[in-house]
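1. dropping the sequence and predicted coords here.
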Amino acid sequence: MSRINLRTFFAISFLLFIVLLTAFLTTVISIKSSEEIKAEIGDSISSIAYQMSDKLDFFMWSRYSEIEMISQLNLYKEDDLNDDKRILINQLKESIPSFSWVGLTDAKGNIIASTDDILKGTNIAERPVFQQAQKQPFIGDVHEAVLLAELLPNPTGEPLEFVDISFPIINQNGEFKGVLASHLSWEWSKEIERSIIKPYQKDLENSKQMEVFIVRTSDHSILLGPKGMVGETLPSNVLKKEYGVNNSWKVKTWADGKEYVTGYSATEGYLSYPGLDWTVLVRVPIEQAFTSVKHLQNYTILIGVIAAFIFAVLGWIIASKISTPLHQISKAANQLTEGKKVDIPQFKRIKDLHVLSLSLSEMVTTITETKSELGQMKRLAHNDSLTGLPNRIALYSFIDKKLENEKTGEKYLFLFLDLDGFKDVNDTFGHQAGDQLLKVVAARLKQFADKDDFVGRLGGDEFIVISRLKTSSPVKEGEKLGEQIIESINKSISLDDEEKVVIKCSIGGALWPDYSIEPDDIIQLADEALYQSKRNGKNKFTFYKK
């Protein structure tokens, strides 16, 4: 029986190992990367659906609030009919073209004023827009025009479709005086659709294949979609109730037998607007959506083949010089991949192995140092180097995580602080003393922060405190916190063994989301209140007043 020498045996073994390892790593990396990219693409499509549903809710809330506001005017609660009522209705339609028609009825359902006098004198007592709005606001789902089909301009020739909003008119004595009714043209939904898709067109090949649907959740009927599909019913497997709850995405087979990456988002209403039973779907053909995934897989396979060939050739060349030392190095490398802390063995007699072991050792050291430096850089980017407090970058990161979603029901108090007389401390005692003072102030402010709160330095002697409200009396709670902070800041501060100073501060406060849903607006309002404190004599706390 013939035997092969160590060089040949090791060379063949090494070659097989390299080929198999490269194939394995290529396959694992390809699968893992592909799944991650698919998830990112699906989340992106789901995000588009969410943006659409959010804009739908916001638009409907805006129109809902406008009709509600007009219905509360004393002008419409008076019995006498004057031109002011008709003029205001016409101005509303002119300012907001989405209102195709707005009309005011008396208590019996007779239209006494309307846009362009359309349907004036007509009785709509049997129409839902009147019947359903006698005791409470009414929002009617998408429907085709009945009375207005022949009376309104229709340049497209397609059937006119509306969404109804109507409010009861109740006078000061609690008497029902009529209904303020409106028809919103469904065309506005197409404008929202175009505004959502347009930014993504340059990011997707054949972007026209991205299609948006608005579906009535209860019966799966399509309210908005590609031409020819409006009015049809989605297959039951495409839309299930739970899909739209968390803005999910699925790969689904539609009625045409093709697979689509489908993003879902259910409308939920906005503020006072209760919302309608709609779910937004965005679909992209799976072959188009995952084109980049296929390219990545092909590229990974190609790189794997090339790498396998290169390593195989190199392995054959150096196999004769590597046996036991290579095994020891390989063993140490495996331990490193398992997270163990080991030293790479050094082999000085064989130059190549010596260089290899040194390179591996230096690589491990470099990776360790790089990870440490990256961690330090992240800390420096988010923290003030003097006081250690979070800086402005950290502030916006906190806002993104804690405050952007007002649906949590949590409320926050924004306090904007500025030290009074800080420049005098710098001028009198020097900048080193000023720095020491800022550190003490920072330490005192941190005492007022719970785990859900934020204390940061924005620059100079400006600080910000964001505190989650814990009581139902935000003004009293804010004033108490502001006074406690001022009292703490006013305590004397030792600059060295002999010198002590007393620093004062002015504070402005504002509430989120009561004053605005935009955190930047709240910061601006708190800043305005801060300057009001300074104008009132400094060392005071002032709430922003609307």
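-> Nice, I can see it.

2. tell me the contacts of the nearest residue to Val440 once chain neighbours are set aside?
-> Counting by CB to CB, 6 or more residues apart in numbering, Ile493 is the residue found nearest to Val440 once chain neighbours are left out, at 5.0 Å. Where you see a C-beta, it was placed from the backbone N, CA and C, and this is true even at glycine. Listed by CB atoms under 8 Å, 6 or more residues apart in numbering, the contact partners of Ile493 are Gln436, Leu437, Val440, Val441, Lys500, Val501, Val502, Ile503.

3. check which residues of the helix or strand hosting the first one are buried.
-> Following DSSP states H and E, the helix or strand that holds Gln436 is helix 431-446. When neighbours are counted by 16 or more other CB atoms under 10 Å, the buried residues of helix 431-446 are found to be Ala433, Gly434, Gln436, Leu437, Leu438, Val440, Val441, Ala442, Leu445.

4. now stretch 85-101
-> Of the residues in stretch 85-101, Lys85, Arg86, Leu88, Ile89, Asn90, Leu92, Lys93, Ser98, Phe99, Ser100, Trp101 count as buried by neighbour count, 16+ other CB under 10 Å.

5. any idea how far Trp278 is from Leu525?
-> From Leu525 over to Trp278 the distance is 34 Å, taken as CB to CB, to the nearest Å.

6. which helices and strands sit right next to whichever helix or strand comes after the helix holding Gln436?
-> On the C-terminal side of helix 431-446, the closest following helix or strand by DSSP H and E is strand 454-459. The elements that strand 454-459 packs onto, with contact taken as 3 or more CB pairs under 8 Å, 6 or more residues apart in numbering; DSSP states H and E, are helix 392-402, helix 431-446, strand 462-468.

7. in TSV, list these along with mean pLDDT and distance to Glu479.
-> As requested, the helices and strands packed on strand 454-459 are exported to TSV (pLDDT from 0 to 100; distance: least, CB to CB, whole Å):
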stretch	mean pLDDT	distance to Glu479
helix 392-402	81	23
helix 431-446	89	17
strand 462-468	91	12
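
8. closest one to Ile170 among these?
-> When the helices and strands packed on strand 454-459 are compared by CB to CB, strand 462-468 sits nearest Ile170, at 38.5 Å.

9. and the angle from that closest one to helix 392-402?
-> Between the direction of strand 462-468 and that of helix 392-402, the angle (axes from the mean of the first three to the mean of the last three CA atoms, to 10 degrees) works out to 10 degrees.

10. excluding chain neighbours, what is closest to Gly269?
-> With sequence-adjacent residues excluded and distances taken as CB to CB, 6+ apart, Gly269 is closest to Gly275, at 2.9 Å.

11. so the one you found, which state does it fall into?
-> Three-state call for Gly275 (DSSP: H, G, I helix; E, B strand; the rest coil): coil.

12. surely it touches Asp57?
-> Yes. Using CB atoms under 8 Å, Gly275 and Asp57 qualify as a contacting pair, with a distance of 6.2 Å.

13. check what pLDDT the residue nearest to Gly269 gets.
-> At Gly275, the predicted lDDT confidence score is 79.

14. over to the one 10 residues further on?
-> Model confidence at Pro285, given as pLDDT, is 87.

15. also Gly537?
-> For Gly537, the predicted pLDDT is 90.

16. next one: Val313
-> The score at Val313 is 69. That number is its pLDDT.

17. what about Asp80, distance to Asp106?
-> In this view, Asp80 and Asp106 are 12 Å apart by CB to CB.

18. who touches Asp141 in this structure?
-> If a contact means CB under 8 Å, 6+ apart, then Asp141 has Val163, Arg216, Leu223, Leu276, Asp277 as its contacts.

19. show me the protein divided up by domain.
-> Here the chain is described, according to automatic domain parsing, as comprising the domains 190-289, 322-377, 392-543.

20. how about the strands in the stretch 201-350 of the chain?
-> Along the stretch 201-350 of the chain, counting by DSSP state E, counting those that start in this stretch, strands occupy 211-216, 221-224, 249-253, 259-266, 278-285.

21. closest to Lys540 out of these?
-> Closest to Lys540 of the strands of the stretch 201-350 of the chain, according to CB to CB: strand 259-266, at 46.5 Å.

22. for Met52, pull up the helix or strand it's in.
-> For Met52, the element it lies in under DSSP H and E is helix 6-71.

23. so how far is that helix from its chain's centroid?
-> Here the centre of mass of C-alpha atoms in helix 6-71, compared against the chain's by CA atoms, centre = their mean, to the nearest Å, lies 17 Å away.

24. repeat for stretch 221-232
-> 29 Å.

25. which other residues reach it?
-> For stretch 221-232, contacts defined as CB under 8 Å, 6+ apart pick out 141-142, 186, 189-190, 193, 211-216, 233-234, 255, 278.

26. swap the cut-off to 10 Å and go again
-> Contacts of stretch 221-232 with the rest of the structure, by CB atoms under 10 Å, 6 or more residues apart in numbering, involve 52, 56, 141-144, 158-159, 161, 163, 186, 189-190, 192-193, 211-216, 220, 233-234, 254-256, 276, 278, 280-281, 283.

27. list the buried residues for it?
-> Buried residues in stretch 221-232, counted by 16+ other CB under 10 Å: Ile222, Leu223, Leu224, Gly225, Met229, Val230.

28. okay if I get those as JSON lines plus distance to Gln131 and pLDDT?
-> Written out in JSON lines, the entries for these read as follows (distance: CB to CB, whole Å; pLDDT from 0 to 100):
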{"residue": "Ile222", "distance to Gln131": "27", "pLDDT": "81"}
{"residue": "Leu223", "distance to Gln131": "23", "pLDDT": "79"}
{"residue": "Leu224", "distance to Gln131": "27", "pLDDT": "80"}
{"residue": "Gly225", "distance to Gln131": "30", "pLDDT": "78"}
{"residue": "Met229", "distance to Gln131": "32", "pLDDT": "80"}
{"residue": "Val230", "distance to Gln131": "27", "pLDDT": "77"}
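
29. would you mind giving these as CSV with distance to Ile170 added?
-> Rendered in CSV, the data for the buried residues of stretch 221-232 read as follows (distance: CB to CB, whole Å):
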residue, distance to Ile170
Ile222, 38
Leu223, 32
Leu224, 34
Gly225, 39
Met229, 42
Val230, 38
